[in-house]
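> 3D, please:
(one chain, ligands or ions: 1)
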Amino acid sequence: MMADTAPTPAKQLDHRYEGIAKVTGKAKYAAEFSQPFPKANLAYAYIVQSTIPNGTIASVDRYAADLAPGVIAILTPFNAPKLAQGPPQPPARRNLSLLQDKDVHYNGQPIAVVVAKSLNEAKAAARLLTIKYVTKPAQVSFRERPGDARWPKNPGKEPAGNHRGDVQAGFAKSAVVIEQTYVTPIQHHNPMEPHATIAWWEGEKLNVYDATQYISGVKMSLAKTLDIPVDYVRVINPVVGGGFGSKGSMWSHVPLCAMAAKATGRPVKLVLEREQMFGPVGGRPSTVNKIKLGASADGKLLAMQHDVIMNASAMEDFTEHSAGPTKNLYMSESNSVTEKVVEVNLGVSTFMRAPGEAPGTAALEIAMDELAEKLKMDPVQFRLVNYAENDPSHDRPWTDKHLRECYSQAAERFGWSKRSATPGSVTEGNALIGYGMATATYPANRSAAQAVVRMLPGGRMFVGSGTQDLGTGTYTIMAQQAASGLGIDPSLVEVKLGDSTLPKAPVSGGSQSSASVLPAIQDATTQLKLKLADLAIADIASPLHGLKTLDIEIKEGKLFNKNNPSQADSLADLIARNGNKPVEAMGSAEPSESKDSMTSTSWGAVFAEVAVDKDTHMVKVRRVVGTYDIGTLLNKKTGLNQLVGGIVWSISFALHEEAHIDPVYGRVVNESLAEYHVPVNADIGAIDVTVLNIPDIKFNPIGSRGIGEIGITGAAAAVANAIYNATGKRVREYPITPDKIM
Ligand code: MOS
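Numbers count the residues shown, from 1 in each chain. Presented below is the predicted three-dimensional model:
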């Protein structure tokens, strides 16, 4: 621990800032607002989806629908207003379905919008539309078409940095080699809160409540798409019921809602139904990972090769970088990766919690287990032998890395030393018991951000930033950071976020919100302290009147003369004497310069124990123990909750989740939470998570790296490796359902 330079930890809130508002129903999600527009005017929009995977719309017979009760308007490709449609801003570079042409690229594509006085009337009228298509042959599967694999359109050629050293030479001199193919399925994000938008126009100005991870992205993308000045758009979103990447970019329903509001002259609400979450708002593509690893007899990796093909939509490419961990998780003498896409008639793929690292570690960490076994080495020892002291992919140092301590602490807590290396050798009643482990990893990201703080009457404070809280704890850590700047209690801070009129902050994606926004708040409180000191100096009634700015220190809600601490003023008194006028300061922060010379990454070690029934092959994950190196732990409750939630999802990745695509119609067959399996409480055993809590101050002044995504990495492979240890059956295709263990 770098005690001399480490930041003083902020006082933690022991509850979520917005927790009581949420559990008492006071917190309003995007679809729940009925202000400031006249509520009686609110109209309801329902998206009509295509029922073929490829072709064109020949006609829409709307006669019956137009006459149906409550119908206000129906937008189709035949009557929708034409849009200028400039290129949307990253990361929202989406090819949207906005009724601008009659092409159908996948089954489920938005092709019409019905607006009615009630949701039920809109849905009923939608069923009365008769849509005729000219169909074209469709491709909905890709695994049998490896010959169609190509480089993604962006960059359109082999990306730089995918090859290091000579892998062929590495394999030639390897004493032990494994080569296998590992498959991960298409998955769909299912946040509790589906996508939802309310749009209303005030003249040329557009307001939206929108369930998004990126209010300023939606603002820019709406302005571009609808060809209006960016300052004419306001996006509001005080709480989000989960996002996981699906709300990281703007999808078609948002501008469609705004178009419907314009066409009808009313505020319009558009909420996606659960089945509409499977296709029109993205998902994780399926990855087929061919992995070859070679090592010397003493376990040194000499060559790693990882070639991926995945499905991409006929509408737009997206690359799931599942070969990413192969480039830098271990030190190998050489490595080589490729990632190619095969076009299919499915909805667009997108970021889904730990894009790249989640499927990448799920695949690579089984391969590592297989090679360790062939080498007759303990899987932890094998990883320690190949520990990457520097980032192999860029040949440069890490800003900080304590993965060794993660392995040792988690192994100790788990009781790894009791593991039997012989598969199928431990039984308990009718169950086979197995232990498995894997490494977790996720990059630490950071972007420019701004914040505003105000000293308020009564010793209270305000902090605001145009960021978002997906349920992760942004409100809570913003309160803590603002409070720590002035040494006041975090319960005295009022927080505002989720409004695009606030100072700009980045997308809450890539696990970057805390690392980006908190340094901006830190800068803002530094500016605020200078202003408060100057106010006291100029105030004839202040005990500090006439001192120099540098002589004044602010802590515990008071201003002191550094040279004579008995000379003090309270912040509450100062503001009271200022006519109770708040004092405001702005702050901003950018990624540190080390980003070009060092790599910042978070790490973890995950251990799992499973019990597999000998007859039914049902897997019970009894225990998962993980220790993570994520820099400073900002808040125990919200931080550890994110890691535990990530592990739950990783167990889901290992055992449950898969979107099944109809081979003829190309529709997701299991587009409901009844059939798209996610774990319930009974599926999850004990989860024990610790963090090292060592600040990474070369990454940012708070020392915190992101925590939102790393939990879903590694744990799936730990479960898969535990199933192998229990049964001797190596399953290389997720999810590991009982039929695959037979
Ligand atoms: Mo996360 S998939 O970057 O929202």
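> show me what contacts whichever residue of the chain sits closest to the ligand?
The chain approaches the ligand most closely through Gly245 (2.6 Å), counting by C-beta to the nearest ligand atom. Quick note: C-beta positions are derived from backbone N, CA and C, even for glycine. Taking C-beta atoms under 8 Å, 6 or more residues apart in numbering, we find Gly245 in contact with His189, Gln213, Gly282, Thr350, Phe351, Met352, Arg353, Pro355, Gly509.
> Go through those residues and name the one nearest Met437.
Arg353 (21.1 Å; C-beta to C-beta).
> Show the contacting residues for the closest one.
If you count contacts by C-beta under 8 Å, 6+ apart, Arg353 has them with His189, Phe244, Gly245, Gly646, Trp649, Gly708, Glu709, Ile712.
> residue at max distance from the center of this protein?
Ile540 (51.8 Å; C-alpha atoms, centre = their mean).
> Does it lie in a helix or a strand, and which?
Counting by DSSP states H and E, there is no helix or strand that carries Ile540.
> That one and Ala448, how far apart?
According to C-beta to C-beta, to the nearest Å, Ile540 stands 40 Å off from Ala448.
> ditto for Trp649
Taken as C-beta to C-beta, the span from Trp649 to Ala448 is 29 Å.
> The two: which has the busier surroundings?
Trp649 (26 against 14; other C-beta atoms under 10 Å).
> Secondary structure class of the more buried one, three-state.
helix (DSSP: H, G, I helix; E, B strand; the rest coil).
> Walking through the stretch 301-450 of the chain, point out its helices one by one.
Listed in chain order, the helices of the stretch 301-450 of the chain (DSSP state H, counting those that start in this stretch) span 324-328, 357-374, 379-385, 403-414.
> burial measure for Met596, as a count.
Quick fix: residue 596 reads Asp, not Met. So Asp596, with other C-beta under 10 Å, has 9 neighbours.
> Can you give me the pLDDT of it?
Looking at Asp596, its pLDDT reads 88.
> what residues are up against it?
With C-beta under 8 Å, 6+ apart, Asp596 has no contacts at all.
> With Pro325 instead?
Going by C-beta under 8 Å, 6+ apart, Pro325 touches Gly356, Glu357, Gly360, Thr361, Leu364, Thr441.
> got a list of what the residue nearest to it when sequence neighbours are not counted touches?
Closest residue in space to Pro325, ignoring its immediate chain neighbours: Gly360 at 4.3 Å, by C-beta to C-beta, 6 or more residues apart in numbering. If you count contacts by C-beta under 8 Å, 6+ apart, Gly360 has them with Asn289, His321, Ser322, Ala323, Gly324, Pro325, Thr326, Thr713.
> Would you reformat those residues as TSV and include distance to Val453 and pLDDT?
Below are these laid out as TSV (distance: C-beta to C-beta, whole Å; pLDDT from 0 to 100):
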residue	distance to Val453	pLDDT
Asn289	47	98
His321	37	97
Ser322	41	98
Ala323	43	98
Gly324	37	97
Pro325	39	98
Thr326	44	98
Thr713	35	98
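> most neighbours, which of these?
Counting neighbours by other C-beta under 10 Å, Thr713 leads these with 33 neighbours.
> Correct me if wrong: that one contacts Thr441.
Yes - with contacts counted by C-beta atoms under 8 Å, Thr713 reaches Thr441, the gap being 5.9 Å.
> what's the overlap in contacts for those two?
Taking C-beta under 8 Å, 6+ apart as the criterion, Thr713 and Thr441 both touch Glu357, Thr361, Gly604.
> Assumed the last one was part of a strand.
When you say that, I think you mean Gly604. Yes - using three-state DSSP, the secondary structure at Gly604 is a strand.
> Show me the beta-bridge partners of it.
Ala440, Tyr628 (DSSP bridges).
> gap between it and Asn700?
Using C-beta to C-beta, Gly604 is found at 19 Å from Asn700.
> and if you look at Gly473?
Counting by C-beta to C-beta, the gap from Gly473 to Asn700 is 17 Å.
> Okay, buried residues for stretch 287-305 please.
287-296, 299-305 (16 or more other C-beta atoms under 10 Å).
> Kindly export that stretch (C-alpha atoms) in PDB.
Extracted in PDB, the C-alpha atoms of stretch 287-305 (Å, rounded to 0.1, in the frame of the first residue of the first chain):
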ATOM      1  CA  THR A 287     -18.700 -16.400 -30.300                       C
ATOM      2  CA  VAL A 288     -16.900 -19.500 -31.600                       C
ATOM      3  CA  ASN A 289     -13.400 -19.500 -30.100                       C
ATOM      4  CA  LYS A 290     -10.800 -21.700 -31.500                       C
ATOM      5  CA  ILE A 291      -8.000 -21.700 -29.000                       C
ATOM      6  CA  LYS A 292      -4.600 -23.300 -29.200                       C
ATOM      7  CA  LEU A 293      -2.100 -23.000 -26.300                       C
ATOM      8  CA  GLY A 294       1.500 -24.300 -26.100                       C
ATOM      9  CA  ALA A 295       3.800 -24.500 -23.100                       C
ATOM     10  CA  SER A 296       7.200 -25.800 -22.100                       C
ATOM     11  CA  ALA A 297       7.400 -28.900 -19.800                       C
ATOM     12  CA  ASP A 298       7.700 -26.600 -16.800                       C
ATOM     13  CA  GLY A 299       4.500 -24.700 -17.700                       C
ATOM     14  CA  LYS A 300       5.800 -21.600 -19.400                       C
ATOM     15  CA  LEU A 301       3.400 -20.400 -22.100                       C
ATOM     16  CA  LEU A 302       5.200 -20.300 -25.400                       C
ATOM     17  CA  ALA A 303       2.400 -19.600 -27.800                       C
ATOM     18  CA  MET A 304      -1.300 -18.600 -27.600                       C
ATOM     19  CA  GLN A 305      -3.600 -18.500 -30.600                       C
END
